[in-house]
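[1] Okay, predicted coordinates and the sequence, questions at the end:
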Amino acid sequence: MNLIIILLFIGCFAIFFYWLSKRSKEKTIPRNFYVDALHALLEGQLDEAIEKLKRTIRDDTDNVMAYIKLGDILREKGYPVRAAKVHRNLLLRTTLSEEDIQTTLYHLVLDYQKASMLDKAIETAERLVERNKKHIEAKRLLLELYEEKADWDKAFFLRQSLNKWTKKGDQHILALYKVYTGLDLAKKGAEREARIRFREAIKLDRACIPAYLYFGDSYMREGRYEEALKIWKTFALKYPQHAHWVLDRLDDVLYALGRYSEMEPICEEIVRAKPTNPTAYFKLIDIYEKKGRQEEALELSRQIAEAHPHSPHCQHLYIRLLKEFGNTEKALETAMAIFEKEIEEEKMYTCKQCGNKTKEILWRCPQCKEWYAYS
């Protein structure tokens with residue numbers, strides 16, 4: 001009798017442990033499907049990953065990351081609206097932790113952005129930043145959205161805030177925000193307010209090229225030529241390396257004022273500063289030509305041809321002036337020298353990896369050690 005009881009007792013325990021084991025295995029199924037989904041995702045098998053995630057969600061409705069991943073894959077496959085629906089539905093849950101809420105909101109912003117629902121994306125991103133003012137990635141995303149919408153004032157203040165957190169100085173970008181704001185105001189006819197923004201841009205970045213350009217343009221639209229001249233002349237002489245940006249504008253304003261003779265000394269001063277861009281030289285050569293000062297024009301063209309041996313514009317100008325001023329033999333000799341140099345360079349082999357040149361074909365570059373790199 002005792003033996004029977006003992007056997008029954010052992011049998012009950014065996015059944016109990018079998019039941020526990022089976023239940024444990026069933027509980028691990030969702031996790032296995034989720035892991036399989038991640039593996040499929042890593043291998044680029046998106047459709048398989050979607051099916052595994054759907055199975056995971058059916059078996060384990062508390063797996064928040066499975067929902068987020070599912071939405072992300074749908075967005076990647078070109079279904080951002082469906083992705084947004086998955087992420088929005090997840091936010092309806094009252095059991096989500098604060099971390100889960102913020103993660104879901106971030107991915108929802110990406111859905112709206114991909115779906116070109118810019119206002120929705122901005123509203124959601126602002127909501128996320130309001131919940132967590134230290135969420136740097138969310139702020140960067142919101143900044144990107146402000147820029148996409150051309151909301152330059154909000155972008156300005158947000159980038160300023162980000163710079164304080166990241167200890168980064170983006171004065172040149174902040175200045176451009178002011179420039180864009182000024183351009184928007186100018187389109188509406190608010191020229192004075194536009195110039196205030198251009199002036200603010202210059203305070204932020206003293207070498208902000210577009211601020212000087214559009215500052216002068218605004219004065220020109222109002223017929224205030226003297227003010228425009230002052231802006232552009234100051235820029236050209238202060239930043240001769242960038243003077244080519246305003247030379248045509250200086251041409252126009254000096255013609256309008258009947259004072260084109262002032263163009264020559266401006267260009268000469270720029271040239272003396274030896275800017276890397278030859279545009280000021282071209283302008284000065286043109287002035288010399290028009291005034292019949294052939295020797296000065298020819299000498300200046302020779303100088304820039306030597307300074308810029310690979311510039312077709314500089315070489316062509318020098319050869320043209322030689323021919324026009326009667327030195328045909330020298331023009332032909334110069335042209336032939338250029339052609340011979342180009343032919344010689346064509347015979348060189350160039351490494352596709354690092355640009356190293358050699359006269360003989362090499363199967364391995366001695367500089368970057370790349371194999372079969374020459375062409």
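    Arrived safely, thanks for sending.

[2] Model confidence at residue 57, what's the number?
    Note on residue 57: pLDDT of 70.

[3] Please identify the helix or strand for it.
    helix 46-59 (DSSP states H and E).

[4] check contacts around residue 207.
    For residue 207, the contacting residues are 239, 242, by CB atoms under 8 Å, 6 or more residues apart in numbering. Heads up, the C-betas are built off the backbone N, CA and C, glycines and all.

[5] Just the pLDDT at it, thanks.
    Reported pLDDT for residue 207: 91.

[6] From residue 138, how far out is the residue most central in space within the chain?
    Nearest to the geometric centre of the chain sits residue 144, at 10.7 Å (CA atoms, centre = their mean). Note on residue 144: its distance to residue 138, by CB to CB, to the nearest Å, is 11 Å.

[7] In three-state terms, label residue 146 for me.
    helix (DSSP: H, G, I helix; E, B strand; the rest coil).

[8] try residue 276
    Per three-state DSSP, residue 276 ends up coil.

[9] Got phi/psi on it?
    Main-chain torsions, residue 276, degrees, to the nearest 10: phi -70, psi -30.

[10] isn't it right next to residue 241, touching?
    Yes. The pair residue 276 / residue 241 is scored as a contact, 6.0 Å apart, by CB atoms under 8 Å.

[11] quick one: low-confidence ranges for the protein?
    Low-confidence segments of the chain (pLDDT under 70): 1-31, 33-43, 49, 52, 56, 331, 334-335, 337-347, 374-375.

[12] quick check: domain ranges of it?
    Listed domain ranges for the chain are 62-165, 170-254 (source: automatic domain parsing).

[13] Residue 276 and residue 241 - which one has more neighbours?
    Ranked by neighbour count (other CB atoms under 10 Å), residue 276 and residue 241 place residue 241 first, with 13 against 10.

[14] Isn't the more buried one up against residue 275?
    Yes. The pair residue 241 / residue 275 is scored as a contact, 4.6 Å apart, by CB under 8 Å.

[15] For residue 329, which of the domains of the chain is the nearest?
    For these, proximity to residue 329 was assessed by CB to CB; domain 170-254 is nearest, at 33.0 Å.

[16] what about stretch 273-285, how long is it end to end?
    Chord length of stretch 273-285, first to last residue, is 16 Å (CA to CA, to the nearest Å).

[17] Could you list the buried residues of it?
    Neighbour counts over stretch 273-285 (16 or more other CB atoms under 10 Å) mark 275, 277-285 as buried.

[18] dump the residue contacts of the nearest residue to residue 205 once chain neighbours are set aside.
    Once flanking residues are discounted, residue 205 sits nearest to residue 175: 3.8 Å by CB to CB, 6 or more residues apart in numbering. Residues near residue 175 by CB under 8 Å, 6+ apart: 200-202, 204-205, 208, 211.

[19] And residue 175, how close does it get to residue 219?
    19 Å.

[20] what's the answer for residue 180, then?
    As for residue 180, its distance to residue 219 is 19 Å (criterion: CB to CB).

[21] Now residue 355: which helix or strand?
    Using DSSP H and E, no helix or strand contains residue 355.

[22] Ignore what I typed, I meant residue 83.
    helix 80-91.

[23] Tell me the buried residues in that helix?
    If you call a residue buried by 16+ other CB under 10 Å, then helix 80-91 has these buried ones: 80, 82-84, 86-87, 90.

[24] again, but for stretch 214-221
    By neighbour count on 16+ other CB under 10 Å, the buried set for stretch 214-221 is 214-220.

[25] cool, and stretch 348-364?
    Applying 16+ other CB under 10 Å to stretch 348-364 flags 351, 356, 362 as buried.
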